[in-house]
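K.L.:
model this:
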Amino acid sequence: MGTETAATATGPTRVYVTGADGLLGTALREALAQGGDRWLVHGVSKADFDIADADAVDRSVAAFRPHVVVHTAAHAIVDDCEREPALALRVNVAGVRNVVAACRRTGARLVHLSSDYVFDGAHVPSGGYREEDVPCPLNVYGLTKLAGERQCALLGAAGLSVRTSWLFGGDNPGVDNVLAALVKARRGEPAAHIADQYSRPTCTADLAEALVRLLAAPEPVSGTLHIANEGTASWYEVALALRELYPDMPEPKPLSTAEAGFAGERPRDSTLATGRLAGLGVRLPHWRDALQRYCRTLDAAEATGARGRQGRRP
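P.N.:
Alright, predicted model coming up:
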């Protein structure tokens, strides 16, 4: 990918983003672009090199000399991780280890993206899991994300692991449950959604904005931090909210995790508490508000595309 923004003589903060073409990486680059020349951004993706190639990671990071690395690259398809644990370990553990080593050599801070799936969801504390609660992953994906957190912690005050949950807001229905539901709805296809698993649906645009605010903070944040939109829901409840916005879409059907036939276990309730985030002066809106904004963005893009197609007609 190898894209950069323009630098200025005033010395912008140099931000290196892995997984820059992914769901969150794309949103983060867009959010940083809003800051103008405050940020000098270099994004890399799988097309540039293998994150598990230590030499390639080291060369790339050293060449850019970042002040901070935001590591969003991951193998995040939970069932695929269960079926191919070696690949999950390669990307989610060895990849983080390589990024940590590169940060140590260059003196860069690291923001590592982790997951609510480090928790088992069996006994959720009131208000959700806090950063200090003991993780207990149920599946390979959760185990590898926790291992990545442990790697990041080796940087001490220069490392921050951000746990988030149930991302939506992109343009790939293969990895975005909300967009997948809308694509099926437009085809008139009824869809079933998990109704007995809960977490905090989080919009990538809101998460990216929060990350930018943390990067701009006068004092670096370290350790572990939970960032998620307000409100807990199941994906079935999210689908019901979508139907309120699009009454013509087929009525969603509830599905249990037992009926879904997942390759790995899922936590029943992995709601993250965001009290530490609030203490830093950052609060994300409710997921329903985020859902409405995302849908308005999709509708506007579709309307613009339709007008463009009409304009090209003879």
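K.L.:
Give the closest residue to residue 238 in space, chain neighbours not counted.
P.N.:
Excluding the flanking residues, the one nearest residue 238 by Cβ to Cβ, 6 or more residues apart in numbering is residue 201, at 5.6 Å. Bear in mind the C-beta positions are built from the backbone N, C-alpha and C, glycine included.
K.L.:
In which helix or strand does residue 160 reside?
P.N.:
strand 159-164 (DSSP states H and E).
K.L.:
helices and strands around that strand, which ones?
P.N.:
Strand 159-164 sits against strand 109-115, helix 140-153, helix 204-215, strand 223-226, with contacts defined as 3 or more Cβ pairs under 8 Å, 6 or more residues apart in numbering; DSSP states H and E.
K.L.:
Quick one: low-confidence residue ranges for this structure.
P.N.:
Applying pLDDT under 70 to the chain flags residues 1-10, 305-314.
K.L.:
Going by length in residues, pull out the top helix of it.
P.N.:
If you go by DSSP state H, the chain has its longest helix at helix 287-311.
K.L.:
Does that one pack against any helices or strands, and if so which?
P.N.:
Secondary-structure packing of helix 287-311 (3+ Cβ pairs under 8 Å, 6+ apart): helix 177-186, strand 202-203, helix 204-215, helix 235-245.
K.L.:
Would you mind listing the buried residues in the longest one?
P.N.:
Translated: helix 204-215. Within helix 204-215, the residues that count as buried by 16 or more other Cβ atoms under 10 Å are 204-212, 214-215.
K.L.:
quick one: contacts of that helix?
P.N.:
13, 15, 23-24, 26-28, 30-32, 34-35, 39, 68, 70, 111, 160, 162, 164, 167-170, 221, 225, 227-229, 277, 280, 282, 284-285, 290, 293-294 (Cβ atoms under 8 Å, 6 or more residues apart in numbering).
K.L.:
and if you look at the last one?
P.N.:
Judged by Cβ under 8 Å, 6+ apart, the contacts made with helix 235-245 from elsewhere in the structure are 166, 177-178, 181-182, 185, 191, 193-195, 197, 201, 233, 249, 251-252, 254-255, 287-288, 291-292, 295.
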